[in-house]
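*Asks:* Predicted coordinates and the sequence they were generated for:
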Amino acid sequence: MNRYHYIDEEGNISDPLPLAALQQIRLHPSTKVMLEGTNTWTTLGQVSQKGPVVFPAPP
């Protein structure tokens with residue numbers, strides 16, 4: 001299972017999480033993410049387009 005680091009609002013890099021966990025915490029599609037074990041940042045929206053991911057509706 002792929003796990004991703006993300007950059008939070010304060011600029012901190014998270015511990016790696018599965019994509020489903022990133023969805024549950026309702027990160028914006030423009031959030032910067034990096035696949036664990038790589039050095040390339042991309043956006044959550046770009047990662048999500050590569051698989052069957054559905055973002056929950058905002059509250």
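*Replies:* Sure, I can see it.
*Asks:* use CA for all of it now, contacts and neighbours both
*Replies:* Noted.
*Asks:* check contacts around the most centrally placed residue in the chain.
*Replies:* Geometric centre of the chain, nearest residue: L44, 4.4 Å, by CA atoms, centre = their mean. By CA atoms under 8 Å, 6 or more residues apart in numbering, L44 lies in contact with L27, H28, P29, S30, T31, K32, V33.
*Asks:* Just those residues: which are in strands?
*Replies:* K32, V33 (DSSP state E).
*Asks:* Would you mind checking the contacts of L44 for buried ones?
*Replies:* L27, T31, K32, V33 (16 or more other CA atoms under 10 Å).
*Asks:* Arrange these in CSV, one row each, with distance to P16 as further columns.
*Replies:* Below are the buried ones among the contacts of L44 laid out as CSV (distance: CA to CA, whole Å):
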residue, distance to P16
L27, 14
T31, 14
K32, 13
V33, 10
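*Asks:* mind listing the strands for this protein?
*Replies:* 3-6, 17-18, 32-35, 41-43.
*Asks:* And the average pLDDT for the last one is what?
*Replies:* The pLDDT scores in strand 41-43 average 92.
*Asks:* List the contacts of the closest residue to L19 other than its chain neighbours.
*Replies:* The shortest distance from L19 to any non-neighbouring residue, by CA to CA, 6 or more residues apart in numbering, is to R3 (6.4 Å). For R3, the contacting residues are P16, L17, P18, L19, L35, E36, by CA under 8 Å, 6+ apart.
*Asks:* so where do the helices sit in this structure?
*Replies:* For the chain, applying DSSP state H gives helices covering 19-24, 44-49.
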